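Enquirer: following is a predicted model, sequence given first.
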Amino acid sequence: MDRAKWRRGRGFRGTGALLVIVATLLMGVPSVGGMELGQGSVQPAVRTSPSVPSGTYCTVGTTPEFPAYDPVNHDIYVPNLGAGDLSILNDQCGVIKTVLFPSGAQPRAAAFNPGNNWVYVTDQHLDQVYVISGTALTLTITSPAFKAPYGVAYDPGDAVMAVADRGSNTVTFISGGIVAFTTTVGDGPTMFAYDPYFGTFLVTNYKSNSVTALDALDPALVDDLNIPVGTQPVGIAFDDADSLDYVADSGSGNVTVISGYGGLAGSVSVGKTPMGVTWDQAKLSIYVVDSGTNNVSVLRLLKVVRTIVGPSGSHLVGIAYNEASDQVFVTASGSKEVYIYDGPVGVGGPVASGTHCAAGEDPAYEAYDPVNHFVYVPDPGTNSLYILNGACHLEGSVTWSSAAQPFAAGFNPTNNMVYVTDGALNQVYVISGLLPIATITSSAFSTPAGVAFDPGNAVMAVANTGSNTVTFISGMTTDGTTTVGSEPALFAYDPYYGRFLVTNSISGNVTSLNALFPMDEADHVNIPVGLGLVPLGIAFDYADSLDYVGNSYNNNVTVIDGIGDQVGSVTVGESPMDVAWDQAKLSVWVSNYGSDSVSVIKGLSIVRTITTPSGFGVAGLAYDEATGQMFATMNLAGTVYIYT
């Protein structure tokens, strides 16, 4: 299978070249006002009502199975296999309505279609699919292609609904209310997950102990990939934190962790009969429901971090995450109930918004380590790296020679190490936990600034402001260099198009690299944002699949896609320096160095402005996924502030 076809799917008192940029910024460059556009795309709503106590439950029909969450109405749709109906719940676990199906119906699973805001429900006994709009049954889809339909899910690559025909070896795709086509997979297809990293659409095959990876853009292609997993796989979910897929092996009591292209990352023991799996985007955790032990295992990075004990004899089966209340809904098929549970508490926090701690003299661009839940803050002023936990307490520090100027940090999830650039000594330091373990030197390094992980090629990328190049590091060894724009600064990965982006501060553009083959210069795309605007920070927005670029000389953010289209711009504060993504609040944060503020953006609108201490020079941003808070370095004050 050709991987290439699956592509769609800062300036301080420190580092050399960027020093000139900040010196000019501090002198006060006239603002070029950008036009603030209207809201670009529909965003998931914030919590619509208070969350209920963990363990709250409500009664539904007999044998509730695999539920679905509707992000428009913020309701949970629970198919009741034994009762032959559907219970619709609000986020307080109140039954809004019960939808009746024909006599003999055995509804098994539900899924939401964001293209038309409908919920689709499979009926494994009558071989049909029901369509629910809000609380009304609006359509019944029948087809000879349906064979004991089980799981159902939306394939965003082809904008169709997929139905797993458990009684055969096929998946049937529905466009709107019409059966569009069928494709062959493994034996006994059961549940689905979309993998945006590889652009694959995955289906578990219960009888053949495998997962079939389909091309999400064209799932009818016959060159699909069958990935061996454990015994009798059922549920599956994609983890946005590590870009891996978690498969519940109901027959072997474990979760197999794979990549969307067939790589085996590991296995985690979770109980006796794991069934449903879901992703909690606020807590960055995978939840696995085990019907044999009546427990819910919470996983982070191949480890069980919490076990939620369910009621004895409840026979927990399905699970759905409610983004409005930030809780999971778990069906108990043995007791006709649905239980609501909270996720795990973050590590070392959260703390009150505005909490701060000392971090040298000129803290720059920090990085978050999701394994240890530390924030790594390079400080060129003291030649040091400060390592903080989620409560802003100092866990440790590393100090280099007086000539060193550590500038930016980036985390590598393949070896769980942090890489720190030194713009003065032209080298990169490698940190494991609290300990420095290596110094990488290379003639390719030329005033290195930003550093980030390229998940497409599993390498670290270093922006060389002195040579207009990017150098890649594999493990501890440099692995090649490619030419980009003038004075590259910072990076972002765009999983929608499979592109790896770098801002070029002097040439006023963004170079988009093929993330799988970043040194293929024929595939580079230079995306203009404006000559003289000095773009620095950049981040990908997972809610609208767009990239946000902070223009430090124009006091605005340019919004682009990964292949060159400019969508619009948002006026922010003075001298925006860094951009970061808050995956719990589905927001883009922008640090405004010159106006001492942080702009919070959704779509193309500012939804909040956070005022930071006057004269502190807010610069770098790093999101702590364990606490759901943002760390901001104050470059002129030697401190780090935490904001909610």
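Expert: Happy to help now that I have it. All values reported here derive from a predicted model rather than from experimental measurement. Numbering: from 1, shown residues only.
Enquirer: most centrally placed residue in this structure?
Expert: Asp240 (3.7 Å; Cα atoms, centre = their mean).
Enquirer: please name the residues that touch that residue.
Expert: Applying Cβ atoms under 8 Å, 6 or more residues apart in numbering, we find Asp240 in contact with Trp279, Gln281, Leu284, Tyr542, Gln583. (Glycine included, C-beta is placed from N, CA and C.)
Enquirer: most neighbours of all these, which one?
Expert: Leu284 (24 neighbours; other Cβ atoms under 10 Å).
Enquirer: so it makes contact with Leu299?
Expert: No. Checked against Cβ atoms under 8 Å, the pair Leu284 and Leu299 is beyond contact range at 10.3 Å.
Enquirer: in a strand, Ala522, correct?
Expert: No. Under DSSP: H, G, I helix; E, B strand; the rest coil, Ala522 sits outside any strand and is assigned helix.
Enquirer: I'd like to know how many residues surround it.
Expert: Burial of Ala522, expressed as a neighbour count using other Cβ under 10 Å, amounts to 6.
Enquirer: could you list every residue that touches it?
Expert: The neighbourhood of Ala522, defined by Cβ under 8 Å, 6+ apart, contains no residues.
Enquirer: look up how far Asn464 lies from it.
Expert: 21 Å (Cβ to Cβ, to the nearest Å).
Enquirer: try Ser103
Expert: Applying Cβ to Cβ, the value for Ser103 to Asn464 is 70 Å.
Enquirer: quick one, which of the two is more surrounded?
Expert: More neighbours surround Asn464 than the other of Ser103 and Asn464, with 26 against 7 (other Cβ under 10 Å).
Enquirer: pretty sure Gly167 contacts Ala145?
Expert: No. Judged on Cβ under 8 Å, Gly167 makes no contact with Ala145 at a distance of 11.1 Å.
Enquirer: quick one: the strands in the stretch 251-400 of the chain?
Expert: With strands called from DSSP state E, counting those that start in this stretch, the stretch 251-400 of the chain shows them at 254-258, 264-269, 274-280, 285-290, 295-300, 303-309, 316-322, 327-332, 337-341, 356-358, 367-369, 374-379, 384-388, 394-399.
Enquirer: tell me which residues are up against the fourth one.
Expert: With contact meaning Cβ under 8 Å, 6+ apart, strand 285-290 is reached by 235, 237, 239, 246, 248, 253, 255, 270-280, 296-300, 305, 316-319, 321, 328, 330, 343-344.
Enquirer: kindly report the same for stretch 171-185.
Expert: Contacts with stretch 171-185, where a contact means Cβ under 8 Å, 6+ apart, come from 116, 120, 129, 131, 139, 141, 143, 145-146, 149, 155, 158-165, 169-170, 189, 203, 205, 212, 214, 219-222, 224, 226.
Enquirer: buried subset of these as a PyMOL selection?
Expert: To isolate the buried ones among the contacts of stretch 171-185 in PyMOL, judged by 16 or more other Cβ atoms under 10 Å, type:
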select buried, resi 120+129+131+141+143+145+146+149+155+158+160+161+162+163+164+165+169+170+189+203+205+212+214+219+224
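Enquirer: tell me how far the spatially closest residue to Gly94 that is not a sequence neighbour lies from Asp342.
Expert: Once its chain neighbours are removed from consideration, Gly94 has its nearest residue in Cys58; the separation is 6.8 Å (Cβ to Cβ, 6 or more residues apart in numbering). Cys58 sits 16 Å away from Asp342, taking Cβ to Cβ as the criterion.
Enquirer: before we move on, what about Ala136?
Expert: Taken as Cβ to Cβ, the spacing of Ala136 relative to Asp342 amounts to 32 Å.
Enquirer: what count of nearby residues applies to the closest residue to Asn209 other than its chain neighbours?
Expert: The spatially closest residue to Asn209, leaving aside those adjacent along the chain, is Thr231, at 5.6 Å (Cβ to Cβ, 6+ apart). Applying other Cβ under 10 Å, we find 13 other residues in the vicinity of Thr231.
Enquirer: just confirm Thr231 is within a strand.
Expert: No. Using three-state DSSP, the assignment for Thr231 is coil, not a strand.
Enquirer: quick check: it touching Val247?
Expert: No. Taking Cβ under 8 Å as the contact criterion, Thr231 and Val247 are not neighbours in contact, 10.9 Å apart.
Enquirer: low pLDDT regions in this protein?
Expert: Residue ranges of the chain with pLDDT under 70: 1-51, 222-223, 343-349.
Enquirer: what ranges do the helices span in it?
Expert: Per DSSP state H, the chain has helices spanning 16-27. These are given in chain order.
Enquirer: specify the residue ranges that define each domain of it.
Expert: Domain segmentation of the chain under automatic domain parsing yields 63-341, 347-643.
Enquirer: now distance to Ser54 too, for those, in TSV please.
Expert: What follows is the domains of the chain, written out as TSV (distance: least, Cβ to Cβ, whole Å):
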stretch	distance to Ser54
domain 63-341	5
domain 347-643	17
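Enquirer: closest to Pro53 out of those domains?
Expert: Comparing the domains of the chain against Pro53 with Cβ to Cβ, the closest turns out to be domain 63-341 (8.3 Å).
Enquirer: that closest one: end-to-end distance?
Expert: From the first residue to the last, domain 63-341 extends over 19 Å; the measure is Cα to Cα, to the nearest Å.
Enquirer: with stretch 391-403 instead?
Expert: 31 Å.
Enquirer: and it, how far from the chain's centre?
Expert: Its chain's average C-alpha position is 29 Å from that of stretch 391-403, according to Cα atoms, centre = their mean, to the nearest Å.
Enquirer: buried ones in that stretch?
Expert: Of all the residues in stretch 391-403, those buried under the rule 16+ other Cβ under 10 Å are Ala391, Cys392, Glu395, Ser397, Val398, Trp400.
Enquirer: out of those residues, flag the one nearest to Arg608.
Expert: Using Cβ to Cβ, Cys392 comes nearest to Arg608 of these, at 21.2 Å.
Enquirer: now that closest one: closest residue in space that isn't a chain neighbour?
Expert: Cys357 (4.0 Å).
Enquirer: what pairs with that neighbour across the strands?
Expert: With DSSP bridges as the criterion, Cys357 is bridged to Val640.
Enquirer: repeat for Val163
Expert: Beta-bridge pairing for Val163 (DSSP bridges): Val152, Thr172.
Enquirer: surely it is in contact with Lys147?
Expert: No. Applying Cβ under 8 Å, one finds Val163 not in contact with Lys147, separated by 9.7 Å.
Enquirer: measure the residue lying farthest from the centre of the chain to His125 for me?
Expert: Summary for the chain: using Cα atoms, centre = their mean, the residue whose C-alpha lies farthest from the chain's mean C-alpha position is Ser103, with a distance of 41.8 Å. Per Cβ to Cβ, Ser103 is found 10 Å from His125.
Enquirer: equivalent analysis for Ala162, please.
Expert: Looking at Ala162 against His125, where the rule is Cβ to Cβ, the gap reads 20 Å.
Enquirer: Gly617 now?
Expert: Gly617 sits 65 Å away from His125 when distances are taken as Cβ to Cβ.
Enquirer: counting neighbours, go ahead and name the busier of the two.
Expert: The neighbour count for Gly617 versus His125, taken as other Cβ under 10 Å, is higher for Gly617 (25 against 15).
Enquirer: ok, back up a step: count of neighbours near the residue nearest to Cys392?
Expert: Cys357: 18 surrounding residues under other Cβ under 10 Å.
Enquirer: fine by me, we can end here.
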